[in-house]
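Colleague: whatever this is, show me its structure:
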Amino acid sequence: MRKFAPLFVTPAIFLTAATLSGCAGEPAKPAREKILSGDQMLRDSQGIAQLGSRWQEGKQMVERAEIMQRDAQGKLEEARRMMEEGQKIMRESEEGYKNLKQ
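Modeller: As a prediction, this is how the structure comes out:
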């Protein structure tokens with residue numbers, strides 16, 4: 001009877017077989033970027049437009065407030081002058097009264 005020599009797999013044959021079996025599978029799918037729908041883009045752009053509009057509204061409020069502050073500052077100064085003038089008139093009147101009484 002004849003004995004068969006055991007079949008040894010050489011490294012070159014093993015690597016070739018491993019490489020071919022790796023290529024035989026399905027290719028890896030690249031990660032796909034999520035495509036936005038038209039509705040989503042519309043909602044996003046409306047949100048951005050709303051933020052811009054709101055910012056502009058806030059800016060206009062600040063500008064009106066600055067004008068009011070300037071006007072108020074002018075009125076305060078005018079009120080102080082009037083108060084000083086009124087107090088001066090009151091003092092002069094009191095002094096005139098005292099002089100008449102003496």
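
Colleague: C-alpha from now on. contacts and neighbour counts both.
Modeller: OK.

Colleague: for this protein, just list every one of the helices.
Modeller: Along the chain, counting by DSSP state H, helices occupy 11-24, 38-101.

Colleague: got JSON lines for the ones you listed, with mean neighbour count and mean pLDDT too?
Modeller: Output for those, formatted as JSON lines (neighbours: other C-alpha atoms under 10 Å; pLDDT from 0 to 100):
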{"stretch": "helix 11-24", "mean neighbour count": "10", "mean pLDDT": "57"}
{"stretch": "helix 38-101", "mean neighbour count": "12", "mean pLDDT": "93"}
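
Colleague: and for stretch 69-80, what's in contact with it?
Modeller: Outside stretch 69-80, no residue is within contact range by C-alpha atoms under 8 Å, 6 or more residues apart in numbering.

Colleague: please save the CA atoms from it in CSV.
Modeller: C-alpha atoms of stretch 69-80 as CSV (Å, rounded to 0.1, in the frame of the first residue of the first chain):
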residue,chain,number,x,y,z
GLN,A,69,-32.3,108.6,25.6
ARG,A,70,-30.8,111.6,23.8
ASP,A,71,-34.2,113.4,23.9
ALA,A,72,-34.7,112.5,27.5
GLN,A,73,-31.2,113.8,28.4
GLY,A,74,-32.1,117.1,26.7
LYS,A,75,-35.4,117.3,28.6
LEU,A,76,-33.6,116.6,31.9
GLU,A,77,-31.2,119.4,31.2
GLU,A,78,-34.0,121.7,30.3
ALA,A,79,-35.9,120.7,33.5
ARG,A,80,-32.8,121.4,35.7
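
Colleague: now do Q73 against L51, distance only.
Modeller: 33 Å (C-alpha to C-alpha, to the nearest Å).

Colleague: repeat for M90
Modeller: Taking C-alpha to C-alpha, one finds M90 at 57 Å from L51.

Colleague: do M82 as well
Modeller: 46 Å.
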